[in-house]
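Visitor: Got a predicted model here, sequence first, then my questions.
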Amino acid sequence: MALLERLQDRSAKVGVIGLGYVGLSLVREFARAGYRIIGVDIDESKIRQLQDGKSYVMDVPSEEIGKWIETGQLEVASDYDRVRDMDCVSICVPTPLRAKSKDPDLSYVLDAVVAIREHLHRSQLVILESTTFPGTTTEVIQPILEESGLVAGRDFYLAFSPERVDPGNSSYRTRNIPKIVGGVSAECVRHAEALYENCLEQVVAVSSTDVAEMVKLLENTFRTVNIGLVNEFALLCSKLNIDVWEVIEAASTKPFGFMPFYPGPGLGGHCIPVDPHYLSWKAKVNGFHPKLIDAAVQVNQEMPGHIVRRVREVLKPLKKELRGSKILIVGVAYKRNTDDVRESPAIEIIELLKQEGAEVGFSDPFVAQLSENGTRLSSRPLDEDALAGADCVLIVTDHSSVDYELVARHAAVVVDTRNALKDIPGEHIHRL
Ligand SMILES: NC(=O)c1ccc[n+]([C@@H]2O[C@H](COP(=O)([O-])OP(=O)(O)OC[C@H]3O[C@@H](n4cnc5c(N)ncnc54)[C@H](O)[C@@H]3O)[C@@H](O)[C@H]2O)c1
């Protein structure tokens, strides 16, 4: 039976390479649609956990993983031999930045594609889901896969489909976020569409992989630029003694032409702080220097330093300095209601505070330990003792389970970077 029919009747075996946030969420949708799945991840501890029926991704329940493993619907492995059994291969590996240059680091994608090439066979469908710069699929991946002697669009199918999942978002999950698909030929798109149409609510085909790659970068750069704009507004409002939160709330009453974004302690996560660099890099390679994007990135990058200066300012009237002061950080995850600390601004804030000689502790209901860039701290319970014992409580992440009344009641002074204490009065509360 041809692949298209096997995709349509769900007898095709789908593979997912990279079983992290994105890959495991995708596994979930494939499994719920009735496909048999083979997952591959080089992290053996993740493979062991999955084999034991344990999920390490908050949005994917362990019971579901356990059920699929038990029935054999989901098989997982830490080597690539099983790629030969896959009819489709979705690549969901990381696309970070190089530490010093901040240029795209495609090494994970390249490792995965080289390993897939060894097992590539006719009629296989390969889809890249990782976020990357336009041109990656046709200029980087296609030539590597074609070294197998097979030709994309003729012998196998190749597509790009950006993952748009938003971890922790209970309204929008992989299933009900429209799926963009671009292929290197019309047949490639048709096959990728057939796969996703069975599991996701809406599939949006675009004319090329370049367009699909650029869609994702536009979405995330849009967020970066707007957050940069509102962070700049926050800094300006603070100079003018205007409440930026009230300004945003009032502006949001406009029924058209305005969409609220909120200031904060800086960008975090695997996407928003990273993706604009992919775009800027590609732009500069082509002799185009994006001004607006680079300016927004800079404003956002300066926020952790600004927050630390705010803490210093609020301590001054209390005749205290940062050196020797106890600062309790509430929330270290990069955004609310998640345990993800990747690129979290809390990490830089902690480092800056420590450089200034402050004694830093944190409390986060989702994060038990923080060990990033040489910083090793354990979360402490957010109780009266912890709050009253701090010279300043600094709210970096506004998890919804935190008792903010308790924070306001017992803290000597609070710097609130998220407006988490909205509606709670008190001269000791300092909003961004
Ligand atoms: N996390 C998000 O919210 C999100 C949303 C949309 C898009 N994305 C994009 O999706 C991609 C994956 O992100 P993520 O958050 O799932 O990352 P992640 O770090 O959570 O997961 C990636 C997984 O890939 C595995 N891996 C690394 N190299 C591998 C290889 N060569 N072969 C097999 N497995 C390998 C890692 O062990 C890890 O388990 C990135 O490009 C990211 O930008 C992420």
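Guide: Noted; the coordinates are in hand.
Visitor: ok, now how distant is the closest residue to Asp81 other than its chain neighbours from Leu353?
Guide: Spatially, and ignoring its direct neighbours in sequence, Asp81 is nearest to His119 (7.2 Å; C-beta to C-beta, 6 or more residues apart in numbering). Where you see a C-beta, it was placed from the backbone N, CA and C, and this is true even at glycine. Distance of His119 to Leu353, computed by C-beta to C-beta, to the nearest Å: 49 Å.
Visitor: Can you pick out the residue with more neighbours from these two?
Guide: The residue with more neighbours, out of His119 and Leu353, is Leu353; 23 against 17, by other C-beta atoms under 10 Å.
Visitor: now check stretch 97-110, is it near the ligand?
Guide: Yes. Shown here: stretch 97-110 in contact with the ligand (C-beta under 6 Å from any ligand atom) through Tyr108.
Visitor: so how far is that stretch from its chain's centroid?
Guide: Its chain's C-alpha centre and that of stretch 97-110 lie 16 Å apart, by C-alpha atoms, centre = their mean, to the nearest Å.
Visitor: Now that stretch: buried residues?
Guide: For stretch 97-110, a neighbour-count test (16 or more other C-beta atoms under 10 Å) marks 97, 104-106, 108-109 as buried.
Visitor: I would like the residues contacting that stretch, please.
Guide: 18, 91, 93-96, 128, 130, 132-133, 136, 140-141, 144, 274, 277-278, 281 (C-beta atoms under 8 Å, 6 or more residues apart in numbering).
Visitor: Tell me the buried residues within the residues you listed.
Guide: 18, 91, 93-95, 128, 130, 132-133, 136, 140-141, 274, 277-278, 281.
Visitor: what packs against the helix or strand in which Trp68 is found?
Guide: Using DSSP states H and E, Trp68 maps to helix 62-71. Contacts defined by 3 or more C-beta pairs under 8 Å, 6 or more residues apart in numbering; DSSP states H and E place helix 62-71 against helix 21-32, helix 44-51, strand 74-77.
Visitor: which neighbours does the helix or strand following the first one have in its sheet, and in what orientation?
Guide: Read in the C-terminal direction, the helix or strand following helix 21-32 is strand 36-40, with elements assigned using DSSP H and E. Strand 36-40 has these partner strands in its sheet, going by DSSP bridges: strand 13-17 (parallel), strand 74-77 (parallel).
Visitor: Any chance of the ones you listed in a markdown table with distance to the ligand and mean neighbour count as columns?
Guide: Shown next, in a markdown table, are these (distance: least, C-beta to the nearest ligand atom, whole Å; neighbours: other C-beta atoms under 10 Å):
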| stretch | distance to the ligand | mean neighbour count |
| --- | --- | --- |
| strand 13-17 | 5 | 25 |
| strand 74-77 | 10 | 20 |
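Visitor: Same list (those) but as a markdown table, adding distance to Glu359 and mean pLDDT.
Guide: Output for those, formatted as a markdown table (distance: least, C-beta to C-beta, whole Å; pLDDT from 0 to 100):
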| stretch | distance to Glu359 | mean pLDDT |
| --- | --- | --- |
| strand 13-17 | 44 | 98 |
| strand 74-77 | 43 | 98 |
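Visitor: Would you format these as TSV with distance to Ser401 included?
Guide: Below are those laid out as TSV (distance: least, C-beta to C-beta, whole Å):
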stretch	distance to Ser401
strand 13-17	31
strand 74-77	31
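Visitor: how about the residues of this structure that lie near the ligand?
Guide: The chain has residues 17-23, 40-43, 46, 92-95, 108, 111-112, 130-131, 163-165, 167, 270-271 near the ligand, with proximity defined as C-beta under 6 Å from any ligand atom.
Visitor: Could I get the buried residues of stretch 97-110 in a markdown table, plus columns for secondary structure?
Guide: Listed next are the buried residues of stretch 97-110 as a markdown table, based on DSSP: H, G, I helix; E, B strand; the rest coil:
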| residue | secondary structure |
| --- | --- |
| Leu97 | strand |
| Pro104 | strand |
| Asp105 | coil |
| Leu106 | coil |
| Tyr108 | helix |
| Val109 | helix |
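Visitor: Buried residues of the helix holding Trp68, list them for me.
Guide: Using 16+ other C-beta under 10 Å as the test for burial, helix 62-71 gives 64-66, 68-69.
Visitor: ranges for the helices of the stretch 51-200 of the chain?
Guide: 62-71, 107-117, 142-146, 186-197 (DSSP state H, counting those that start in this stretch).
Visitor: so which of those gets nearest Gly357?
Guide: Ranking the helices of the stretch 51-200 of the chain by proximity to Gly357 (C-beta to C-beta) places helix 107-117 first, at 37.9 Å.
Visitor: Could you tell me the average pLDDT over the helix holding Trp68, please?
Guide: Average pLDDT, helix 62-71: 97.
Visitor: ok and that helix relative to helix 44-51, angle-wise?
Guide: 80 degrees (axes from the mean of the first three to the mean of the last three C-alpha atoms, to 10 degrees).
Visitor: Report pLDDT for Ser252.
Guide: 98.
Visitor: re the thing from before, C-alpha coordinates for the helix holding Trp68, PDB please?
Guide: Taking Å, rounded to 0.1, in the frame of the first residue of the first chain, the C-alpha atoms of helix 62-71 are listed here in PDB:
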ATOM      1  CA  SER A  62       2.700   9.400  32.900                       C
ATOM      2  CA  GLU A  63      -0.500   7.300  32.800                       C
ATOM      3  CA  GLU A  64      -0.800   7.800  29.100                       C
ATOM      4  CA  ILE A  65       2.900   7.000  28.500                       C
ATOM      5  CA  GLY A  66       2.600   3.900  30.600                       C
ATOM      6  CA  LYS A  67      -0.500   2.700  28.700                       C
ATOM      7  CA  TRP A  68       1.100   3.200  25.300                       C
ATOM      8  CA  ILE A  69       4.300   1.500  26.300                       C
ATOM      9  CA  GLU A  70       2.400  -1.500  27.900                       C
ATOM     10  CA  THR A  71       0.300  -2.000  24.800                       C
END
